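Colleague: got a sequence here, can you build the structure:
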Amino acid sequence: MSRSVLVTGGNRGIGLAIARAFADAGDKVAITYRSGEPPQVLTDAGVLAVKCDITDAEQVEQAYKEIEDKHGNVEVLVANAGITKDQLLMRMSEEDFTSVLDTNLTGTFRVVKRANRGMLRARKGRVVLISSVVGLYGGPGQANYAASKAGLVGFARSLARELGSRNLTFNVVAPGFVDTDMTKVLTDEQRKGIVAQVPLGRYAQPEEIAAAVKFLASDDASYITGAVIPVDGGLGMGH
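Modeller: Below you'll find the model as predicted:
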């Protein structure tokens, strides 16, 4: 059966690949995006694009109302929206730190809490949070980003215990370095240095992250909750 799926930050990179994977499977897919315009490939696939800044609780509420009006209650939520503001600790401003936490962690809290309303009524739901290998492994100059992504693990596991009896699952996917527009701006030397750390010797493709997310939202994963699934080529193993 076609489900109502919401992917936050679904207009590019990993989020775009996730949205396309669910749409290709026949689900009713909505995405949120903060700026720019959604790509034509999503429009052609019938994906509902809703402009929403997840740091604004009122915008989150309005986005859900629009999605529910057109697709019904959200049954699968993929919380993917996030930002980076990398900086060494001694140069990191308080705004650098708090703005990343407000988007990546508190923004996830907002969208999950709002989706929870319909999921509890239906007594079913799948939530997948997109973390990062950096949240488990750490990264110099990324204290704010790593803290926000590590926080998603505790958030998901707390909700897995709190709401498991209601047939809701909460899982985390932790990508490593992924071949997206964000990483394409790196120099060849930087890219070679990163790949040298990865046991599989390459970047991930966005579709490989999407495949893990799609699995966690499937019937095959009905007995998996509170899990952290690394899709990082072995970079973070043991963390």
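Colleague: helix or strand with the lowest mean pLDDT in the protein?
Modeller: helix 181-184 (a mean of 73; mean pLDDT, DSSP states H and E).
Colleague: whatever helix or strand comes next after that helix: how far from the chain's middle?
Modeller: Next helix or strand after helix 181-184 toward the C-terminus (DSSP states H and E): helix 188-197. Centroid separation for helix 188-197 versus its chain: 25 Å, with C-alpha atoms, centre = their mean, to the nearest Å.
Colleague: same check, this time on stretch 57-71
Modeller: The answer for stretch 57-71 is 18 Å, by C-alpha atoms, centre = their mean.
Colleague: list the buried ones in that stretch?
Modeller: 59-60, 63-64, 67-68, 71 (16 or more other C-beta atoms under 10 Å). Placement of C-beta: from N, CA and C, glycine included.
Colleague: so which residue is dead centre in the chain?
Modeller: Taking C-alpha atoms, centre = their mean as the criterion, Asn80 is the residue nearest the geometric centre of the chain, at 2.1 Å.
Colleague: contact partners for that one?
Modeller: Contact analysis of Asn80 by C-beta atoms under 8 Å, 6 or more residues apart in numbering lists 7-10, 14-15, 18, 130.
Colleague: burial measure for Met237, as a count.
Modeller: 12 (other C-beta atoms under 10 Å).
Colleague: which secondary structure element contains it?
Modeller: Counting by DSSP H and E, Met237 is part of no helix or strand.
Colleague: residues in contact with it?
Modeller: Contacts of Met237 (C-beta under 8 Å, 6+ apart): 199, 230.
Colleague: thinking again about what came up before, from the contacts of Asn80, which land in strands?
Modeller: In strands, judged by DSSP state E, the following of those are found: 7-8, 130.
Colleague: and these as TSV, adding neighbour count and distance to Thr103?
Modeller: TSV is the format used below for these (neighbours: other C-beta atoms under 10 Å; distance: C-beta to C-beta, whole Å):
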residue	neighbour count	distance to Thr103
Val7	33	15
Thr8	29	10
Ile130	26	12
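Colleague: return the distance of the longest strand anywhere in the chain from the chain's centre.
Modeller: The residue-count maximum for a strand in the chain (DSSP E) belongs to strand 168-175. Here strand 168-175 shows a centroid-to-chain-centroid distance of 9 Å under the convention C-alpha atoms, centre = their mean.
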